[in-house]
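Colleague: predicted coordinates and the sequence they were generated for:
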Amino acid sequence: MILASSSPSRRLVLRRAGVDPEVIAPEVDEDAVRDRLGAAAPAEVVRALAAAKSAAVRERLDGTPRAGVDVIIACDSMLLLDGALSGKPHTAAECARRWRAQAGRAAELLTGHAVTVLRDGAVLGEHAETVATTVRFGTPAESDIAAYAATGEPLGCAGAFTLEALGGWFIDGVDGDPASVLGLSLPLLRRILAGHGLGVAPFWNLTGPSGAAG
């Protein structure tokens, strides 16, 4: 499996699931992709961004001899609140502002997935789909919001939160696939692989750095 992302959360999802992926960070101008989409629906925006990342990594692999099956997994996540999409906050001030807006409310985390299956370097199939998961935010104290933003942890995360680390203190619940909140839906990936006659077990590395065997 090739993870077309530098996201540590997505890599963590795969490694906890027994896969130690090859990581190739895509080089995509996300603003340019969104500009081309115009007034597209939110689900289409994240799906198109994921597809652009998958295509970028596939182009980087062109001309490189590869044997066997490769699966390129690209994703993009954004939070949908009050009809508006938001990605990474990047600054502590923006992170705190978003938390004040979303505290005590529910919002949808949309994660676009683009999966390309190759055999011996040739494309066997492509699939792009968006998974929507409802996140119910808690109501942290203003001091906790400021402290959380100051750690820097949520600045590179869609929705300005993490589920698997410090942000978990402030999430009251998740309705849907919790792995998709970390940026990658394992059930969707399993279904896509099955559509190409592939199981998940051949990708497991139970004695490798994933630590799954322990």
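Modeller: Okay, I see it.
Colleague: from here on, just use CA atoms for contacts and neighbour counts.
Modeller: Noted.
Colleague: the strands in this structure, which residues?
Modeller: Counting by DSSP state E, the chain has strands at residues 2-3, 22-23, 69-81, 84-86, 106-119, 122-137, 171-175.
Colleague: the residue most distant from the middle of the protein, which is it?
Modeller: residue 143 (28.7 Å; C-alpha atoms, centre = their mean).
Colleague: can you tell me how far it is from residue 52?
Modeller: Distance, residue 143 to residue 52, by C-alpha to C-alpha, to the nearest Å: 39 Å.
Colleague: next one: residue 45
Modeller: Distance from residue 45 to residue 52, by C-alpha to C-alpha: 11 Å.
Colleague: neighbour-wise, which of those two wins?
Modeller: Neighbours per residue (other C-alpha atoms under 10 Å) separate residue 45 from residue 52, with residue 45 holding more: 25 against 22.
Colleague: now the helix ranked longest in the chain: buried residues?
Modeller: When the chain is parsed with DSSP state H, its longest helix is helix 42-61. For helix 42-61, a neighbour-count test (16 or more other C-alpha atoms under 10 Å) marks 42-58 as buried.
Colleague: about what we covered before: what's the closest of the strands of the chain to residue 206?
Modeller: For the strands of the chain, proximity to residue 206 was assessed by C-alpha to C-alpha; strand 22-23 is nearest, at 15.6 Å.
Colleague: quick one: residues in contact with that closest one.
Modeller: 1, 2, 3, 4, 5, 6 (C-alpha atoms under 8 Å, 6 or more residues apart in numbering).
Colleague: can you pick the most crowded of these?
Modeller: The residue in the contacts of strand 22-23 with the most neighbours, by other C-alpha under 10 Å, is residue 4 (29 neighbours).
Colleague: ok, it - contacts?
Modeller: Applying C-alpha under 8 Å, 6+ apart, the residues near residue 4 are 23, 24, 25, 26, 53, 54, 57, 72, 73, 74, 75.
Colleague: ok, so of these, who is nearest residue 184?
Modeller: Of all those, residue 184 sits closest to residue 75, with 6.8 Å by C-alpha to C-alpha.
Colleague: output the strands of the chain as CSV; include the columns distance to residue 147 and mean pLDDT.
Modeller: Listed next are the strands of the chain as CSV, based on distance: least, C-alpha to C-alpha, whole Å; pLDDT from 0 to 100:
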stretch, distance to residue 147, mean pLDDT
strand 2-3, 32, 97
strand 22-23, 31, 96
strand 69-81, 22, 96
strand 84-86, 21, 93
strand 106-119, 22, 96
strand 122-137, 17, 95
strand 171-175, 16, 96
